[in-house]
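Student: Could you look at this predicted model? Sequence included:
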Amino acid sequence: MSIVVLESGMLKTPVLITNQCGFNDVEEVSGGIVVQASVAGIEEGLCKALEDPIKLQNMGENLNRYVLKNFTWNMIGEQYLQFFNKIINENRATQLR
């Protein structure tokens, strides 16, 4: 995953990334365009992105919502707490056996 995608999302900026970035959620949430990692793929993605400025703005807003929902420090901290609690509870259950 690219930190640049998260930073762009915070600024409501859509992204154009290759399928090698490992962040294909971008396309699933309509937050940007994912293309083949080639000159032709990037060219196609740029042409597609420049076709509709309103669509680009919507993509930026979609990416922003996705990032705020899933990648803020509060959200990440909560996920870590849930993970650690799960490990502690599993460890306690193992010790009681």
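Tutor: Alright, I've got the coordinates. Numbering: from 1, shown residues only.
Student: hang on, residue 22 in a strand?
Tutor: No. Going by DSSP: H, G, I helix; E, B strand; the rest coil, the assignment for residue 22 is coil, not a strand.
Student: Which residue ranges of this protein form helices?
Tutor: Remark: helices assigned in the chain by DSSP state H are 3-10, 25-28, 39-51, 53-70, 73-96.
Student: For stretch 23-42, list every residue counted as buried.
Tutor: Within stretch 23-42, the residues that count as buried by 16 or more other CB atoms under 10 Å are 23, 26-27, 29, 31-35, 41-42. Where C-beta positions appear, they are placed from N, C-alpha and C, glycine not excepted.
Student: Over to stretch 44-62?
Tutor: Quick answer for stretch 44-62 (16+ other CB under 10 Å): 45, 49, 56, 59-62.
Student: repeat for stretch 13-23
Tutor: For stretch 13-23, by 16+ other CB under 10 Å, it's 13-18, 23.
Student: State the pair within the buried residues of stretch 44-62 that is farthest apart.
Tutor: Farthest apart among the buried residues of stretch 44-62 by CB to CB are 45 and 61. That separation is 19.1 Å.
Student: Where in the chain is the helix or strand with the lowest mean pLDDT?
Tutor: Lowest mean confidence among the helices and strands of the chain (mean pLDDT, DSSP states H and E): helix 73-96, at a mean of 90.
Student: shaky segments in this protein?
Tutor: 1 (pLDDT under 70).
Student: make it 90
Tutor: Low-confidence segments of the chain, defined by pLDDT under 90: 1-2, 22-24, 72-73, 75-76, 91-97.
Student: need the contact list for the closest residue to residue 66 other than its chain neighbours.
Tutor: Of all residues not flanking residue 66 in the chain, residue 29 sits nearest, at 4.4 Å (CB to CB, 6 or more residues apart in numbering). Listed by CB atoms under 8 Å, 6 or more residues apart in numbering, the contact set of residue 29 reads 62-63, 65-66.
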